[in-house]
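1. Dropping the sequence and predicted coords here.
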Number of protein chains: 2
Amino acid sequence: MRKYRGHCKLVLKPGSTEDVSKILRYCNEQMLAVVPQGGNTGLVGGSVPVFDEIVISLGRLNQIREFDEVGGTLVLDAGCILELVDHFLAEKGYIFPLDLGFSVMVLCMEMLRKNNTGYDLKQLFVGAEGTLGIITKASIQCPRRSPAQNVAFFGLESFEKVQQAFREAKGQLSEILSAFELMDSGSQDLVFQVTKNKRPLEKRYPFYCLVETSGSNPDHDGEKLQAFLECVMDKGIVADGTLAQDETQIKTLWAWREGITEALGHLGGVYKYDVSIPLKQLYQMVEDTRARVDAAGLLGDSAEHPVRDVVGYGHMGDSNLHLNISTRHYDERVEGILEPFVYEWISQHGGSISAEHGLGLAKKKYIGYSRNDTMVGLMKQIKNLYDPNGIMNPYKYI
Amino acid sequence: MRKYRGHCKLVLKPGSTEDVSKILRYCNEQMLAVVPQGGNTGLVGGSVPVFDEIVISLGRLNQIREFDEVGGTLVLDAGCILELVDHFLAEKGYIFPLDLGFSVMVLCMEMLRKNNTGYDLKQLFVGAEGTLGIITKASIQCPRRSPAQNVAFFGLESFEKVQQAFREAKGQLSEILSAFELMDSGSQDLVFQVTKNKRPLEKRYPFYCLVETSGSNPDHDGEKLQAFLECVMDKGIVADGTLAQDETQIKTLWAWREGITEALGHLGGVYKYDVSIPLKQLYQMVEDTRARVDAAGLLGDSAEHPVRDVVGYGHMGDSNLHLNISTRHYDERVEGILEPFVYEWISQHGGSISAEHGLGLAKKKYIGYSRNDTMVGLMKQIKNLYDPNGIMNPYKYI
């Protein structure tokens, strides 16, 4: 939406943890506000300097420090680029534990996974978006790279059937199930509109799922996936499906999921909500939002309608939905229709906002919808405790 | 060691979160110290009232509140007994994510796994042993119960070979590897001494490993385990091995690992250290401790020696070692030889104390060995913030 514009007269690029520490001590004494910046991959404006904050860029803290090839523990600087880390790990037969599907990320400040001594402070700093302190180094537990990968792509008639397919996949694919992605027809239409690629399935369906398995034995995994496919077809859960036969086809199928963000960006401004909702109501959120935008007369095929489509996709594995409202041009009525409606809806259905991207600038006034007053109060106390002068990434968060 | 004796004139058994809240408000106003008690399974005295603290027992908060059969999310009261929860989940085809091997426990105060809004306060309370507040309800992500389980038991000539076997297991068994347990010969001798059970392998070895797989397809898992066995035998990594043929044999093999604690308790007092150490040095800790106790003339086969044996066992998967010093009778020289030696050793080797059991009463003076002054300072500030009157489980922790 081109919503955030940064203002900054000074960028500092410390080369060590000690440098970071000295900068923070000086800025704290002089009451100078700072904004830490890592890879700048955030979507909610968390790393944007709002007025005249000093940017502390971690770009020079980019060394991989240690890797234990038996245990899989990686120690690295906070400014390391994901692509380079992934390349380093690939050569060792490991992967970085961050992906689109069942993403699990274990971060800790110590070399060891088990340390129950004292309070778990690292979790406070992780995800605090630089409002409590700056993480300069991390130790990450990396899983082995699986030699076998398989991908299937389905068409389904209803979200009820998507849930059934997910349940079957968890039961039958179990330990090798590495992703179960949901895409609605609208999101796939947008990808088609932009890429003009051949669709994976002949007919169109209201829902599509991409199922990925990762395991140590290609034959075993292939057998399991084949058996799963036959089961969900026989039971009428899945209307149609296709199985990738090689690496190229795997990439082609994934492009229908991973290409959604790019397609949306290509077509104009997008309101993005990254939310967690109990699985049963996951897609209801998209339908209710679409109905609301439509009822307000804002949704349509022609140029006078500001909203092109309301689409949804996400990871079934962690009840995560990406609700996207694709617009043709900026119209303040759209924002008025969406907010606080979306936040109220999530709150009423036991969900939470910002499943993956934090609060940043975009959502700070809506924290009350997913955290109660007591929790917000406890958080404010922590903030006041660790940053009494309020210099750490101000104007954001609580 | 019969080291902790509780003192208490009043036990309260609240029946709801509101009751707990009222009790804490009253006790805080009146400056009355409290000790929360859940299942009383701790080993470090964390739930023992030291002087005259009021015990708040959560025994009546024992209801399972919700279970989502698609997502596997369980919401339950904090006083639920593990055995009953496990039974409940077994009927639904799920397991409670807490085991001896690769234990992963995900706890959160919300119904959803992904909630990146604000600071991660739940992690502060989890593992704080009731020094910041009382958890009354939890939401836990439970994995599916695997229909297939296999167990193998090996004898190995050195700890170097144990590490090689572990590396091979991670590579070949990968997604189905659910436990890789280490036991030294001393620990197995103690189990034999007490149970007189037939040993799994004919000869004796310096080290034993128990490898467990859990998967969705018994044939596939059996094949993988068989191939792994052949590989580690061919390469000379494993000296001898046996594979459980049925449920009974699986239990029999596990008894050689799970029976160690009971055997130790049966033979007299035990000094127990539950520690995390980088894998390479994991067993060195046992050897160095044994050498030190021996050099002090405290270790031997006859009655005048207070120490019967120094043994070690643990989970390779998370670099966790149980160091146990089995004694015949109490002798203050033993404690003097062990502490602070053990803590210093761990600190020097980049490890941490109390991998699974927290700090409690036993280890609070040693936190400095695994957390630096800054971290301990930050923890003290949190404690003062949330419990300014110091009524929450006092005389423990930091």
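-> Looks like it arrived, so ask away.
2. List the contacts of the residue nearest to A:Asp240 when sequence neighbours are not counted.
-> With CB to CB, 6 or more residues apart in numbering or on different chains as the criterion, A:Asp240 has its nearest non-adjacent residue at 4.5 Å, and that residue is A:Gly155. (Each C-beta comes from the backbone N, C-alpha and C, glycine too.) Contacts for A:Gly155 (CB atoms under 8 Å, 6 or more residues apart in numbering or on different chains) come out as A:201, A:203-205, A:207-208, A:238-241.
3. avg pLDDT for the one helix or strand A:Gly155 maps to?
-> Per DSSP states H and E, A:Gly155 falls inside strand A:148-156. Average pLDDT, strand A:148-156: 94.
4. for stretch A:194-202, same thing?
-> Mean per-residue pLDDT for stretch A:194-202: 95.
5. quick one: the strands in the stretch 1-150 of chain A?
-> Secondary structure of the stretch 1-150 of chain A by DSSP state E, counting those that start in this stretch: the strands cover A:11-12, A:34-37, A:54-57, A:64-67, A:73-77, A:107-108, A:137-141, A:148-156.
6. Kindly state the beta-bridge partners for the nearest residue to A:Phe67 once chain neighbours are set aside.
-> Residue nearest to A:Phe67 in three dimensions, not counting chain neighbours: A:Leu74, with 5.2 Å by CB to CB, 6+ apart. Using DSSP bridges, the bridge partners assigned to A:Leu74 are A:Phe67, A:Ile140.
7. any idea how far A:Leu74 lies from A:Gln141?
-> Computed as CB to CB, to the nearest Å, the A:Leu74 to A:Gln141 distance reads 8 Å.
8. Mind checking which of the two has more residues around it?
-> A:Leu74 (23 against 19; other CB atoms under 10 Å in any protein chain shown).
9. residues contacting that one?
-> Neighbouring residues of A:Leu74 by CB under 8 Å, 6+ apart: A:64, A:66-68, A:85, A:89, A:94, A:96, A:139-142.
10. Same check on A:Met316?
-> A:162-163, A:166, A:180-182, A:209, A:279, A:282.
11. if you set the cut-off to 10 Å instead, what comes out?
-> A:101-102, A:162-163, A:165-167, A:169-170, A:179-182, A:209, A:211, A:279, A:282, B:70-71 (CB atoms under 10 Å, 6 or more residues apart in numbering or on different chains).
12. Strand partners (parallel or antiparallel) of the strand holding A:Gly155?
-> strand A:207-215 (antiparallel), strand A:240-243 (antiparallel).
13. a markdown table for those strands, including mean pLDDT and mean neighbour count?
-> Converted to a markdown table, the strands paired with strand A:148-156 look like this (pLDDT from 0 to 100; neighbours: other CB atoms under 10 Å in any protein chain shown):
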| stretch | mean pLDDT | mean neighbour count |
| --- | --- | --- |
| strand A:207-215 | 95 | 26 |
| strand A:240-243 | 93 | 17 |
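14. Make TSV out of these and add distance to B:Tyr26.
-> Listed next are the strands paired with strand A:148-156 as TSV, based on distance: least, CB to CB, whole Å:
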stretch	distance to B:Tyr26
strand A:207-215	53
strand A:240-243	61
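15. closest one to B:Glu335 among those strands?
-> strand A:207-215 (49.2 Å; CB to CB).
16. next helix or strand past the closest one?
-> Toward the C-terminal end, the helix or strand that comes next after strand A:207-215 (DSSP H and E) is helix A:218-234.
17. counting contacts, what elements does that next one pack onto?
-> In this structure, helix A:218-234 packs against strand A:148-156, helix A:159-172, strand A:177-184, strand A:207-215, strand A:240-243, helix B:218-234, with contacts taken as 3 or more CB pairs under 10 Å, 6 or more residues apart in numbering or on different chains; DSSP states H and E.
18. Show me the shaky parts of the stretch 201-350 of chain A.
-> Within the stretch 201-350 of chain A, no range satisfies pLDDT under 70.
19. returning to what we had before: spell out which residues are contacts of both of A:Leu74 and A:Gln141.
-> Going by CB under 10 Å, 6+ apart, residues that sit against A:Leu74 and also against A:Gln141 are A:68, A:94, A:97.
20. Confirm for me that the first one is in contact with B:Gln281.
-> No. Contact status for A:Asp68 versus B:Gln281: not in contact, 11.6 Å apart, counting by CB atoms under 10 Å.
21. which residues are common contacts for those two?
-> Listed as contacting both A:Asp68 and B:Gln281 by CB under 10 Å, 6+ apart are B:Ser319.
22. What residues does the stretch 201-350 of chain A have near chain B?
-> Residues of the stretch 201-350 of chain A lying close to chain B by CB under 10 Å from any CB of the partner chain are A:213-217, A:219-221, A:223-224, A:227-228, A:274-280, A:315-320, A:350.
23. If any of those residues are buried, give me the ChimeraX selection for them.
-> To isolate the buried members of these in ChimeraX, using 16 or more other CB atoms under 10 Å in any protein chain shown:
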select /A:213,214,215,216,217,220,221,224,228,274,275,276,277,278,279,315,316,317,318,319,320
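24. Of the contacts of A:Gly155, just say which sits nearest to chain B.
-> A:Phe207 (15.6 Å; CB to the nearest CB).
25. Name the nearest residue to the closest one, sequence neighbours excluded.
-> Computed as CB to CB, 6+ apart, the closest residue to A:Phe207 that is not its neighbour in sequence is A:Leu156, at 4.5 Å.
26. Show me which residues of stretch A:51-70 are buried.
-> Using 16+ other CB under 10 Å as the test for burial, stretch A:51-70 gives A:53-59, A:61, A:67-68.
27. What helices and strands are in contact with the lengthiest helix in chain A?
-> In chain A, taking DSSP state H as the definition, the longest helix is helix A:247-267. Judged by 3+ CB pairs under 10 Å, 6+ apart, helix A:247-267 is in contact with strand A:148-156, strand A:177-184, helix A:185-195, strand A:207-215, strand A:240-243, strand A:270-276, strand A:307-315, strand A:320-327.
28. Please state the offset of the fifth one from the chain centre?
-> When distances are taken as CA atoms, centre = their mean, to the nearest Å, strand A:240-243 is centred 26 Å away from the chain's centroid.
29. what does the fourth one give?
-> In terms of CA atoms, centre = their mean, the centre of strand A:207-215 is set 17 Å apart from its chain centre.
30. Dump it to PDB, restricted to CA.
-> Only the C-alpha atoms of strand A:207-215 are listed here, as PDB (Å, rounded to 0.1, in the frame of the first residue of the first chain):
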ATOM      1  CA  PHE A 207     -10.300 -24.700  -3.100                       C
ATOM      2  CA  TYR A 208      -6.900 -26.100  -3.800                       C
ATOM      3  CA  CYS A 209      -4.400 -27.800  -1.500                       C
ATOM      4  CA  LEU A 210      -0.700 -28.300  -1.900                       C
ATOM      5  CA  VAL A 211       0.600 -31.300   0.100                       C
ATOM      6  CA  GLU A 212       4.400 -31.700   0.500                       C
ATOM      7  CA  THR A 213       6.200 -34.600   2.100                       C
ATOM      8  CA  SER A 214       9.800 -34.700   3.300                       C
ATOM      9  CA  GLY A 215      11.500 -37.900   4.300                       C
END
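31. Compute the inter-axis angle for that strand and helix B:218-234.
-> Relative orientation of strand A:207-215 versus helix B:218-234 (axes from the mean of the first three to the mean of the last three CA atoms, to 10 degrees): 30 degrees.
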